[in-house]
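>>> only geometry, no sequence info:
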């Protein structure tokens, strides 16, 4: 999905932003491709399959039993700006929050199948609608002159085609909550919290723009009883289950809406303009903003009142700034303990957690260390136990460093991701396709950079789907490095050095721009890539400067679309729904289509793909979209990079997964003598 969301340490699904220091991830259900690393320190895989624990730890005892206790210290290269993963969709925030809060379901990192998390079971069904409005739920089977609906319980029902209005495949899902689950303050978790959380995310005042883009086709979310909730979609959608059950965290209603601001009230139709539906009305879904045209439809249909949310504006403002985003109370396996801004964040195991996958580690500490050299030294000193953000050089050096590998595992692994430079298509000169194509030819020799800096381990990509996946067209090749071709396209676009100052110009505007970037250290591959691009563009008569910002300031600029160009990475869940990134409806403030890409053919492909339930047919649509992106070049696509990992051998039960983030703390334990 989106950027859908992901824990396993980020169990959810919309696209997540990350710094280029961290490769972003996509979890994809594709066949496994394994290869030995150059330093023989680990394996890389690109798909589902059973994973062996402690595969590269020679200090483990296969007969030892897991024990509780101990602390694990992570190195994070950036610090979350808030502990709401819907408001801040960065990878680091996702990884922390996924241990505190829960989604309804999560994806098994070995089988890629969805399994209960906050719920104890769920039913995913087709929706069959008769012409008289009767709704049937179950497995819908097409037969010659009828559709047979087989519910989970009870007798099958046949609907003659003459009586059939529509069939929505996979448009209904019912979740039965886990009994005995509690929030970290001891209050029970119920289906009411699920309904509330959906309403909060659907509220347009809440700063969850990327999440909300996936909720528009949800017709209703119903509280069937205190422990049962049902989602109904107004149209079929291939990622409906993931969107309903794995897109956003469940928040405690008693803390975030104690006075019922997101509750339902009846409003006269005449006074309902600009309010939001709290229940479906006519063909409109819950959460829809009421317009004058809708009022006229309601009146024509004889409606006197409609159900609306009580005060979504006040609630949304309060939610965005809520104190609990700095000290959350969730229902997950770990509870929040402390946050030393600029230094570390600490979680404590929640002993009352009753989920099926209980952790062993008592305490998780996230240390924020920006500089890579300092981070590897902290690992050597024992101040850090787990660092998934080594540079390629550190991987090469430490992977054959006997004193280091004596007590540390060094490995690398692929988790679906890609890095890119995004052009702001609203601005000159990036509003010209020929210019963007010229930059694709002339900005960076990706093959050389991969060989010399990335050690040949990255994959040069030209599309937004995972490069090892069926939905990625390997026949679409990245633009080759060709300075002459770049110069030819720039001249064709009218960008010529008219005044002899060394810079190309057009209509009196010189070709100079600023690249916005998250902070990175001088030895990071991102720093070298930027330096090379600056020099290559200078030879083309283009001036690029770089503005590095800490993460919060960087994302704020993106949210406001206040940039010329920017560099970052995307992570996706098993299959990437491109709606969030490329649909024209997502170009507004805080939208993920921050490039401002608008293409009618792309919109049609994206909309068609969302309705297509057949994976092969859907992949064909994604490949057509890839062709449009290749031609239009809204991104300068870079690489799918492996992650380079080192961790202390005191950790047991460690598995390296191909779902982001590549590990799950719930697997781990530390022998008593090493705690």
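Structure's in. What do you need? The structure displayed is predicted, hence computed values, not measured ones. Numbering: from 1, shown residues only.

>>> all helices of the stretch 201-350 of the chain, in order?
Counting by DSSP state H, counting those that start in this stretch, the stretch 201-350 of the chain has helices at residues 209-212, 240-246, 253-256, 292-300, 312-320.

>>> give me the contacts around the fourth one.
Read that as helix 292-300. 269-270, 272-273, 281-282, 284, 288, 306 (CB atoms under 8 Å, 6 or more residues apart in numbering). (C-beta placed from N, C-alpha, C; glycine too.)

>>> can I get those residues in TSV including pLDDT and distance to residue 132?
Formatted as TSV, the contacts of helix 292-300 follow (pLDDT from 0 to 100; distance: CB to CB, whole Å):
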residue	pLDDT	distance to residue 132
269	96	25
270	95	31
272	95	28
273	95	32
281	93	19
282	93	16
284	94	21
288	93	25
306	96	23
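
>>> adding distance to residue 550 and neighbour count, write these out as JSON lines.
JSON lines is the format used below for these (distance: CB to CB, whole Å; neighbours: other CB atoms under 10 Å):
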{"residue": "269", "distance to residue 550": "49", "neighbour count": "20"}
{"residue": "270", "distance to residue 550": "50", "neighbour count": "11"}
{"residue": "272", "distance to residue 550": "44", "neighbour count": "22"}
{"residue": "273", "distance to residue 550": "42", "neighbour count": "13"}
{"residue": "281", "distance to residue 550": "45", "neighbour count": "22"}
{"residue": "282", "distance to residue 550": "48", "neighbour count": "12"}
{"residue": "284", "distance to residue 550": "42", "neighbour count": "19"}
{"residue": "288", "distance to residue 550": "38", "neighbour count": "16"}
{"residue": "306", "distance to residue 550": "45", "neighbour count": "23"}
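
>>> what's the closest of the helices of the stretch 201-350 of the chain to residue 581?
Closest approach to residue 581 among the helices of the stretch 201-350 of the chain is made by helix 209-212 (9.5 Å; CB to CB).

>>> take the helices of the stretch 201-350 of the chain and lay them out in TSV including distance to residue 622.
Listed next are the helices of the stretch 201-350 of the chain as TSV, based on distance: least, CB to CB, whole Å:
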stretch	distance to residue 622
helix 209-212	19
helix 240-246	16
helix 253-256	37
helix 292-300	34
helix 312-320	34
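
>>> looking at those helices, which is closest to residue 592?
When those are compared for distance to residue 592 using CB to CB, the nearest one is helix 209-212, at 5.1 Å.

>>> what packs against that closest one?
helix 191-202 (3 or more CB pairs under 8 Å, 6 or more residues apart in numbering; DSSP states H and E).

>>> quick one: the helix it packs on to helix 312-320, angle?
If you take axes from the mean of the first three to the mean of the last three CA atoms, to 10 degrees, helix 191-202 sits at 100 degrees to helix 312-320.

>>> could you say what helices and strands helix 191-202 packs with?
Taking 3+ CB pairs under 8 Å, 6+ apart as contact, the helices and strands that helix 191-202 lies on are strand 164-177, helix 209-212, strand 218-225, strand 228-233, helix 253-256.

>>> which of those comes out lowest on mean pLDDT?
Mean pLDDT across these is lowest at helix 209-212; the value there is a mean of 86.

>>> what about the stretch 501-650 of the chain, any weak spots by pLDDT?
Applying pLDDT under 70 to the stretch 501-650 of the chain flags the ranges 574.

>>> just the strands from it, written as ranges.
Counting by DSSP state E, counting those that start in this stretch, the segments of the stretch 501-650 of the chain that form strands are 505-506, 509-510, 512-518, 543-549, 565-571, 635-637, 639-640, 643-648.
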